[in-house]
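Asker: Need a 3D model of the following:
(one chain, ligands or ions: 1)
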Amino acid sequence: MFFPILDIILKLSIEKKLKMTKRTSLPRLYLLAFLLLLGSHTHSYGQKNSKSTPNFVIIFADDLGYGDLGTYGHPTIRTPHLDRMAYEGQKWTNFYVGASVCTPSRAALLTGRLPIRNGMSSSKSRVLFPNSKNGLPANEVTLAEQLKKAGYSTACIGKWHLGHKEQYLPTNNGFDYYFGIPYSNDMDHVGKGNYKKLAKGGQKSIIKEDYNVPLLRNTEVIERPANQNTITRRYSDEAVSFIKENKDKPFFVYLAHNLPHIPLFASKDFLGKSKRGLYGDVLEEIDNGVGKIIAALKDEGLAENTIVVFTSDNGPWLPFKTHGGSAGLLRAGKGSTWEGGMREPGIFWGPGKIKPGVISDLGSTMDLFTTFSNMAGIPVPDDRVVDGVDLSPTLLEHGASPRESILYYRQNELYAVRLGDFKAHFITNGVYGQFGKKEIHNPPILYNLSEDPSEQFDIAEDHPEVLTKINELVAAHKSKLIKGKDMLAERE
Ligand code: MG
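Answerer: Coordinates of the predicted model:
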């Protein structure tokens, strides 16, 4: 029975190739239509699940901590859309950024490389400022430039912070479209209101005019000072518009909110609504925007073929009392190489692709570069070291993550290394007036982060074999490391 059917299919496919004439009999036409229908179903099923090129949306918060979302345990901030994304997709509990402050962390995400390799970290300056001369080097390949090779439409919406001069802006780094504030929302300080007084218990009355930051569309300043009261809503709305306008081709949206970086602003509909105060208002507005983006993807029939990621650039900025976020059970925050500085929420949503679950394997924002390049069928550059690995086996099938280690750089010094469950601190240092002074540890301090996520109990004496392995990893890394030219230090 089997072979005659094969024979018919073969004959019909040959006939199809020869362009069948009108003389083809009616029963044969029915059979052909049936087989073609069967074929097209099989084909579209395969496309949806493995072959077609997915859309990517990365939503990147600023200074949001590991403990700030409902799904990561915050008791009063309401984040129902992010919680649902985590429930329907994957919630990663050991997901890291490439650096604990804005500029190098963003460079790491977009290039898949440690910032020390491309000069986006510096021994002299932690981030770029409005009077900085430079930005991301032109020879770096961004994720947007990668995806352009496969015909993606690309948009950067929000905070850039990889150089504000025209040659460094998103539109010169692979993005078709840019709408946003090109650096941190606390720069260009001109007014009397100053969030720095919050650290001493003082001034809370900050208005948008206190920070004269520009808002750009592509390369043109369209508003200054940017109205930060409405900026979160406008960023989310821009993302929704871009998705709707580009629904017929593959797209990549990099939505990097300026908030909840201090100074905090929320629009009328959210102001005063959260039990967590202004910080909660801001997060609930960001969450609302996430809901709008997910709804747009569903409305346009794109949900099955889109992957949405939510994470943050670094941990919470802790000195500013209730205006800073929370790292939950993790130690310290922004600027440090303790876990609170560099471990972040990592949520992956994609109902047609991502296999739901809670993932405790290691992942990094740098891996998005490699993972999404591979999913789009674009080779990762082989003329440079790329630190990202492909997380697809974990995202799609719950396979083991190929990432085995995390390197914790602070500026241009390697402070700590995580290998599997273990983390060795070679150097520890306080930050923003908190958490002590710089100390070099020899032998290093060692924690088991699976058993001791808050980094409380030094077990170095019990595990010399682990320290040996970590030392070997460090030696191998340093022997091949070529530092990029410092792009952060020079000012005008
Ligand atoms: Mg930040």
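
Asker: Identify the residues contacting the strand or helix carrying Arg106?
Answerer: Element membership of Arg106 [criterion: DSSP states H and E] is helix 102-111. For helix 102-111, the surrounding residues in contact (C-beta atoms under 8 Å, 6 or more residues apart in numbering) are 58, 60, 62, 97-99, 113-115, 118, 120-121, 126-128, 136, 140-144, 159-162, 173, 184, 254, 256, 261, 313-314, 364-366, 368-369, 387, 409, 488. Heads up, the C-betas are built off the backbone N, CA and C, glycines and all.

Asker: cool, stretch 289-308 as well?
Answerer: 48, 52, 54-59, 80-82, 84-85, 89, 232-233, 235-237, 239-240, 243-244, 247, 255, 310, 348-354, 372, 375, 395.

Asker: Keep only those of those residues that are in strands.
Answerer: Under the assignment DSSP state E, the contacts of stretch 289-308 contribute Asn55, Phe56, Val57, Ile58, Ile59, Leu255, Phe310, Phe348, Trp349 to strands.

Asker: If we check the ion, which of those are in contact?
Answerer: Among the ones in strands among the contacts of stretch 289-308, no residue lies close to the ion (C-beta under 5 Å from the ion).

Asker: Can you show me the helices along the stretch 151-300 of the chain?
Answerer: Taking DSSP state H, counting those that start in this stretch, the helices of the stretch 151-300 of the chain run over residues 231-245, 278-299.

Asker: Just tell me which of those ends up closest to the ion.
Answerer: Relative to the ion, the nearest member of the helices of the stretch 151-300 of the chain by C-beta to the ion is helix 278-299, separated by 13.6 Å.

Asker: how deep is Lys268 tucked in, by neighbour count?
Answerer: Lys268: 10 surrounding residues under other C-beta atoms under 10 Å.

Asker: before we move on, what about Arg331?
Answerer: The tally of other residues near Arg331 (other C-beta under 10 Å) stands at 18.

Asker: quick one: the nearest residue to it once chain neighbours are set aside from Arg276, how far?
Answerer: Leaving aside its sequence neighbours, Arg331 sits nearest to Trp338 (C-beta to C-beta, 6 or more residues apart in numbering; 4.2 Å). Taking C-beta to C-beta, to the nearest Å as the measure, Trp338 and Arg276 are separated by 23 Å.

Asker: Compare the two (neighbour count), which wins?
Answerer: Higher neighbour count among Trp338 and Arg276: Trp338, with 26 against 20, using other C-beta under 10 Å.

Asker: Now do the same contact list for that one.
Answerer: Trp338 makes contact with Leu330, Arg331, Ala332, Thr428, Phe435, Glu455, according to C-beta under 8 Å, 6+ apart.

Asker: partner residues bridging the fourth one?
Answerer: It refers to Thr428. Beta-bridge partners for Thr428, by DSSP bridges, are Glu439.

Asker: How about the contacts made by it?
Answerer: Neighbours of Thr428 in contact, by C-beta under 8 Å, 6+ apart: Thr337, Trp338, Tyr415, Gly436, Lys438, Glu439, His441, Ile445.

Asker: you'd agree Gly135 is up against Glu166?
Answerer: No - the pair Gly135 and Glu166 does not pass the contact test of C-beta atoms under 8 Å, sitting 10.0 Å apart.

Asker: So those two - more neighbours on which side?
Answerer: Between Gly135 and Glu166, counted using other C-beta under 10 Å, Gly135 has the larger neighbour count: 27 against 12.

Asker: Identify the residues contacting the closest residue to the more buried one other than its chain neighbours.
Answerer: Closest residue to Gly135 apart from its sequence neighbours, by C-beta to C-beta, 6+ apart: Gly163 at 1.5 Å. The contact partners of Gly163, taken as C-beta under 8 Å, 6+ apart, are Leu128, Ser132, Asn134, Gly135, Leu136, Leu169, Met487.

Asker: which sections of the stretch 201-350 of the chain are below the confidence cut-off?
Answerer: Within the stretch 201-350 of the chain, no stretch has pLDDT under 70.

Asker: of all the residues in it, which ones are close to the ion?
Answerer: Residues of the stretch 201-350 of the chain found near the ion (C-beta under 5 Å from the ion) are Asp313, Asn314.

Asker: give me that answer again for 8 Å
Answerer: Applying C-beta under 8 Å from the ion, we find that the stretch 201-350 of the chain lies next to the ion at His261, Ser312, Asp313, Asn314, Trp317, Lys334.

Asker: So the fifth one versus Lys275, what's the distance?
Answerer: Right, Trp317. Per C-beta to C-beta, Trp317 is found 21 Å from Lys275.

Asker: neighbour count winner among the two?
Answerer: The residue with more neighbours, out of Trp317 and Lys275, is Trp317; 24 against 9, by other C-beta under 10 Å.

Asker: Pull the contacting residues for that one.
Answerer: By C-beta under 8 Å, 6+ apart, the contact list for Trp317 reads Asp63, His261, Ile262, Gly324, Gly325, Gly333, Lys334, Gly335, Tyr432.

Asker: repeat that with 7 Å
Answerer: Asp63, Ile262, Gly324, Gly333, Lys334 (C-beta atoms under 7 Å, 6 or more residues apart in numbering).

Asker: how about the helices of the stretch 301-450 of the chain, start to end?
Answerer: 339-342, 366-375, 392-397.

Asker: Quick check: closest non-adjacent residue to whatever residue of the stretch 151-300 of the chain ends up closest to the ion.
Answerer: The stretch 151-300 of the chain approaches the ion most closely through His261 (5.6 Å), counting by C-beta to the ion. Spatial nearest neighbour of His261, excluding adjacent residues (C-beta to C-beta, 6+ apart): Asp62 at 4.0 Å.

Asker: Ser336 too?
Answerer: Nearest to Ser336 is Val431, by C-beta to C-beta, 6+ apart, at 4.7 Å.

Asker: now that neighbour: how far from Gly335?
Answerer: From Val431 to Gly335 the distance is 4 Å (C-beta to C-beta).

Asker: Could you do Gly352 as well?
Answerer: The spacing between Gly352 and Gly335, counted by C-beta to C-beta, is 39 Å.

Asker: Looking only at neighbour counts, state which of those two leads.
Answerer: Gly335 (25 against 15).

Asker: show me what contacts the more buried one?
Answerer: Shown in contact with Gly335 (C-beta under 7 Å, 6+ apart): Ser100, Val101, Gly341, Val431, Tyr432.

Asker: most neighbours, which of those?
Answerer: Neighbour max across the contacts of Gly335 (other C-beta under 10 Å) = Gly341, 32 neighbours.

Asker: Test my guess that that one contacts Arg331.
Answerer: No - applying C-beta atoms under 7 Å as the test, Gly341 and Arg331 come out as separate, 8.8 Å apart.

Asker: how about the residues of the stretch 1-150 of the chain near the ion?
Answerer: Counting by C-beta under 8 Å from the ion, the residues of the stretch 1-150 of the chain near the ion are Asp62, Asp63, Val101, Cys102, Ser105.

Asker: export those to a markdown table and tack on pLDDT?
Answerer: Listed next are these as a markdown table, based on pLDDT from 0 to 100:
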| residue | pLDDT |
| --- | --- |
| Asp62 | 98 |
| Asp63 | 98 |
| Val101 | 98 |
| Cys102 | 98 |
| Ser105 | 98 |
